[in-house]
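Visitor: this one's structure only:
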């Protein structure tokens, strides 16, 4: 269920797939969009979510055009393998490396062919990955001045061994020959064969093409350089007023330089300075060469002898920012010497929906065209608008529709929080004005997906006055652990309050005003904590405060409000009765839960070790009620902090080990609602403001309906002489509340079944199916 506005697509990187039929775009929200490039335009085909951080690099998993796999890397170190045919994530791995550039390479030996992925990023030199399982195979290391590699490429010249050329942050150019790569391991890395320092700083991109095997283009922040690969000398240097981000060799004597403002400038290089077999074949010996555009009236003072003869217009000014990543570029060489350039505009905060994608199919600038251009009186450079352009905002304009009802819907601008309660079959929506609106899930789904759905459930919408300002977060504790009441729902708002609700009756139970800032999230303590903490819900405030709220006794168990920086992670140590709070600056605050006091503050490696040890303790599941610190230790802590209430609780809180546990509730249809495999699940789509995903578990739906039929059959097969009282004694689920719950579950399941069939099948194809779906 998409929102009323398109998701903000702040594109950070681009990658062509195949022969230009598709292009991938990664955004800073972790969303990857697959665009279909057709002769009639660009259309978004798939949106893939999974990364929790900004996408930093994309590359195909193989050089074969038949392969449908690609690899993505995010800023949190996660690397994922995808299949772009159906959008599924095949594998994912976490790493300590932050990749900024990934390029596949086919390593050929006499016995086998193997594709490897060579990566550079925020680490020294290069890392080599296996595209099948995303593991590190070996490294490209440096003996001389190891440093971060800003950009690298592969050079495959005729009659010579393939080489990997990289430029470091300090301006050092390094060359690794691609030989014996199949013998390299983690312990035996590949070292550079040549290295030379160049007067190049802030390198952004490099480009090499077999159309001219003798030169390479290096793009820096404000300059671009053409380098002769034979002696690594600079042939041509160009200067730009704005920031540059990318470049591409598009012909023997032509290069394309991309700017951060969205412009793409095509330059004619001075042919008198070009060397190599391709240049001699086209232009002859150097002594007899003449620059074609020599007589054209052009200011080539900034081009270093190169002439700008064509230009792609810049992006709109409202989409341009001084940061480096305002525009992302990608280039693809097509058969026949043609090229496609793709430009992605990263939307600014003021126009966050305006980021789009533009494709420009570069014309063929052969020698005949350049001679005609030189004879024409037209002022250079020639200006182009691009071939195709599209964005999610334009797609949303074509798909806009108006809801027939006036009730709030998921994705509306005034909806600030959402929560689906499986046990009630209702969707809770927190509003900007402080109200909480509940809607029957079948009504909500049918009103969005079906043309004439939801009219029979109009009276199911309720509104509860919850907060004085926006609702920030919602929580249904019973969906996470069965120890909580299934009717209990908590809401946190910008008015610093936490409100307890009975979702079935829409009545407010209690209001907590403990935190000193807006409530940002809720956390449920693990099940192996003490009895008092097991009754609590952890409410985290925007003021870096934490409140343990006892939802059964309706009181605040602990208030931790001494944190100087925002809260990052909260962990519990049930066996020691501690709560550990890690802040954004790395410090860990240790709170003693029994005495509600700050025990100590840790930092550095000590803090990291404490958090790791805490994860191990939380994995312990089978713990008795006496788990945690001993009574003697708790008594000492209480006396030290002068907590009289804790002293009384430790001294008088003796439990009997022989006490029999409470009788467990027999399994029923309600277990399907509490179980994660519920017939329907609704959750927000990561990286998309307001968009939600509705998942129908058809197997769980069929199983639940079968259990309902078995329950009905068991009631019908009871002996005729058994009275109503005896039925209650035989089966506790035959009480009035259980029957009402069973009736509600039956209605919910059959409504969901009708909706699923309505979405999957058309009308007038099966009369029996139409009669079942028709309300």
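Guide: Looks like it arrived, so ask away. Source: prediction; values computed, not measured.

Visitor: what count of nearby residues applies to residue 232?
Guide: By other C-beta atoms under 10 Å, 14 other residues sit near residue 232. Placement of C-beta: from N, CA and C, glycine included.

Visitor: ok, now residue 416?
Guide: Counted with other C-beta under 10 Å, the neighbours of residue 416 add up to 21.

Visitor: for it, phi and psi?
Guide: With angles defined as degrees, to the nearest 10, residue 416 sits at phi -110, psi -20.

Visitor: try residue 274
Guide: Main-chain dihedrals, residue 274, degrees, to the nearest 10: phi -90, psi 140.

Visitor: could you report the pLDDT at it?
Guide: If you check residue 274, the pLDDT there is 86.

Visitor: same deal with residue 693?
Guide: 87.

Visitor: now it: closest residue in space, sequence neighbours ignored.
Guide: Spatially, and ignoring its direct neighbours in sequence, residue 693 is nearest to residue 685 (5.2 Å; C-beta to C-beta, 6 or more residues apart in numbering).

Visitor: ok, that neighbour - contacts?
Guide: 7, 49, 691, 692, 693 (C-beta atoms under 8 Å, 6 or more residues apart in numbering).

Visitor: at 7 Å what do you get?
Guide: Residue 685 is in contact with 49, 691, 692, 693, counting by C-beta atoms under 7 Å, 6 or more residues apart in numbering.

Visitor: of the residues you listed, buried ones?
Guide: 49, 691, 692 (16 or more other C-beta atoms under 10 Å).

Visitor: not counting its neighbours along the chain, what's nearest the first one?
Guide: Of all residues beyond its chain neighbours, the one nearest residue 49 is residue 686 (4.9 Å), with distances taken as C-beta to C-beta, 6+ apart.

Visitor: and what about residue 559, helix, strand or coil?
Guide: strand (DSSP: H, G, I helix; E, B strand; the rest coil).

Visitor: so where's the stretch 151-300 of the chain shaky on pLDDT?
Guide: Within the stretch 151-300 of the chain, the ranges that satisfy pLDDT under 70 run 287-300.

Visitor: how about the strands in it?
Guide: 163-168, 172-177, 190-191, 194-197, 203-207, 215-220, 223-228, 233-239, 244-251, 254-259, 264-268 (DSSP state E, counting those that start in this stretch).

Visitor: one step back: so which of the contacts of residue 685 sit within strands?
Guide: The strands, defined by DSSP state E, take in 692, 693 from those.

Visitor: now, which of the contacts of residue 685 sits nearest residue 390?
Guide: residue 691 (19.1 Å; C-beta to C-beta).

Visitor: report the contact partners of that closest one.
Guide: By C-beta under 7 Å, 6+ apart, residue 691 lies in contact with 1, 2, 3, 7, 411, 685.

Visitor: tell me what the closest residue to residue 48 other than its chain neighbours is bridged to.
Guide: Once flanking residues are discounted, residue 48 sits nearest to residue 32: 4.3 Å by C-beta to C-beta, 6+ apart. Note on residue 32: beta-bridge partners residue 26, residue 48, judged by DSSP bridges.
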